[in-house]
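> I'd like to go over a predicted model; first the sequence, then the structure.
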Amino acid sequence: MNCTPKTSVTVLGLGLMGQALAAAFLRAGHPTTVWNRTSAKADALVAEGASLAPSVGAALKAGSLTIICLTDYEAVRELLRPSEGELAGTMVINLTSGDSAQARAAARWAEQHGAGYLDGAIMAVPPVIGTPEALILLSGPQAHHEKHRAALGSLATITYLGEDPGLAALYDVAGLAMMWSVLNAWLHGTALLRTAGIDAATFAPFAQELATGVAGWLPGYAEQIDRGSFPAEVSALETDVRAMTHLLEESEAAGINAELPRLIKAIADRAMAAGHGGEQYPVLIEEFSKPAGR
Ligand code: FVH
């Protein structure tokens, strides 16, 4: 039997994700206090043993650790401002999605009010919270992370990224760029194949294998980017650009949306015009690292 005393926790915000977080704490045996603007969303958790705090201020004082998971940072501001006098001496971990500037501003604000603060990003859907499959990224003072990582381990696998409180949000949006780019590429390929009567389910396994293969190139390409040297070891950009023309022309001829191939080619064309045609694909990092068209 594990007799280690469990950290008392508070969860502010009981949307789909907040409810999953609170339920995972309860399952792991943490004394759990909850609060939500719409209090009925706490009913099932209270039935499972959570305590419902009568106010945000009381909720902040109830746990040695407060998790916040609301729609956005504007909601976090609206929620905490009236109770800012209660923040001193509390420890807040904000798992609300946002950007790095919002995370850094929230960290400064919490610090000014005497609260410890870590910012986090949840890379998981509610049903997997409480399992190692769920991933939570955290950033902010390392001492806070070390103190609270055991309790946070009841929610997910925790990856600590560093002292800059904006890092979790930055990784989060970088991950979103990956996710939507891969999905859009797959949707474009699916739309092309459907013009020949091939359905999405037939293309999906082929696309999956392709995506896995491309993912395997990343460490080598990352080395080139970090060295700032892009020798064409397997293919030159000018060869890729010829294939981009096939993609664009095929898409236009098929009468499907050609915005994605046009964008792909426009970025590569700029790198070609800047004299990088003989180098390898990751040389495009130079185009991705400045505003479009400069
Ligand atoms: N659900 C998911 O799959 C994900 C995946 C990864 C990241 N997230 C982020 O988690 C945040 C919350 O998401 P959610 O799915 O729990 O969202 P909702 O179910 O819509 O719940 C929103 C909660 O926020 C409360 N709220 C909104 N505005 C205010 C406010 N001004 N004052 C106080 N509370 C506010 C809302 O309260 P109520 O409407 O129930 O009264 C909910 O508790 C989000 O950042 C995702 O990006 C989710």
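Arrived safely, thanks for sending. Since this is a predicted model, take the numbers as computed values, not measurements.

> host element of the closest residue to Thr245 other than its chain neighbours?
Once its chain neighbours are removed from consideration, Thr245 has its nearest residue in Lys265; the separation is 7.0 Å (Cβ to Cβ, 6 or more residues apart in numbering). Bear in mind the C-beta positions are built from the backbone N, C-alpha and C, glycine included. Element membership for Lys265, per DSSP states H and E: helix 259-273.

> what comes up buried for the helix or strand just after that helix?
Reading on from helix 259-273 to the C-terminus, the next helix or strand found by DSSP H and E is helix 285-288. Residues 285-287 are the ones in helix 285-288 that count as buried (16 or more other Cβ atoms under 10 Å).

> what's helix 285-288 packed up against?
Taking 3 or more Cβ pairs under 8 Å, 6 or more residues apart in numbering; DSSP states H and E as the contact definition, the neighbouring helices and strands of helix 285-288 are helix 259-273.

> name the residues of the helix it packs on that are buried.
Within helix 259-273, the residues that count as buried by 16+ other Cβ under 10 Å are 260-261, 264-265, 268-272.

> pLDDT value on Thr4, please?
Reading off the per-residue confidence, Thr4 sits at a pLDDT of 68.

> so where is the protein shaky, pLDDT-wise?
In the predicted model, the chain carries pLDDT under 70 at residues 1-4, 293-294.

> nearest residue to the residue minimising distance to the centre of it in space, please, no chain neighbours.
For the chain, the residue lying nearest the average C-alpha position, counting by Cα atoms, centre = their mean, turns out to be Asp172 (2.7 Å). Leaving aside its chain neighbours, Asp172 sits nearest to Ala121 (3.5 Å; criterion: Cβ to Cβ, 6+ apart).

> in what helix or strand does the one you found lie?
Element membership for Ala121, per DSSP H and E: strand 116-123.

> go on, Ile67?
The secondary structure element spanning Ile67 is strand 65-68 (assigned by DSSP H and E).

> which strands border that strand, and is each parallel or antiparallel?
strand 9-12 (parallel), strand 91-94 (parallel) (DSSP bridges).

> does it reach the ligand?
No: against the ligand, strand 65-68 shows no contacts by Cβ under 6 Å from any ligand atom, the least distance being 9.2 Å.

> continuing past that strand, what's the next helix or strand?
Past strand 65-68, further along toward the C-terminus, the next helix or strand under DSSP H and E is helix 73-80.

> can you pull the contacts of the closest residue to Leu70 other than its chain neighbours?
Spatial nearest neighbour of Leu70, excluding adjacent residues (Cβ to Cβ, 6+ apart): Gly13 at 4.3 Å. Residues counted as contacts of Gly13 (Cβ atoms under 8 Å, 6 or more residues apart in numbering) are 36, 68-70, 75, 79, 96.

> Pro126: which of those is nearest?
Minimum separation from Pro126 among these (Cβ to Cβ) is found for Cys69, which lies at 10.2 Å.

> tell me how many other residues surround that closest one.
Other residues near Cys69 come to 24 when the count uses other Cβ atoms under 10 Å.

> give me the residues contacting stretch 133-142.
Identification of contacts with stretch 133-142 by Cβ under 8 Å, 6+ apart yields 93, 95, 103, 107, 116-124, 128, 145, 152, 155-168, 171-172.

> dump it to PDB, restricted to CA.
The C-alpha atoms that make up stretch 133-142 are tabulated as PDB, following Å, rounded to 0.1, in the frame of the first residue of the first chain:
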ATOM      1  CA  GLU A 133      -0.300   8.500 -23.100                       C
ATOM      2  CA  ALA A 134      -1.400  12.000 -22.200                       C
ATOM      3  CA  LEU A 135       1.300  14.600 -22.500                       C
ATOM      4  CA  ILE A 136       1.500  17.900 -20.700                       C
ATOM      5  CA  LEU A 137       4.300  20.400 -21.500                       C
ATOM      6  CA  LEU A 138       5.300  22.700 -18.700                       C
ATOM      7  CA  SER A 139       7.600  25.800 -18.400                       C
ATOM      8  CA  GLY A 140       8.500  28.200 -15.700                       C
ATOM      9  CA  PRO A 141      10.700  28.100 -12.600                       C
ATOM     10  CA  GLN A 142      12.400  24.600 -12.300                       C
END
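
> got the residues of this structure near the ligand?
By the rule Cβ under 6 Å from any ligand atom, the part of the chain lying against the ligand is 13-18, 36-38, 41, 69-72, 75, 78-79, 96-97, 122, 125-126.

> residue in this structure nearest to the ligand?
For the chain, the residue positioned closest to the ligand under Cβ to the nearest ligand atom is Gly15, at a distance of 1.8 Å.
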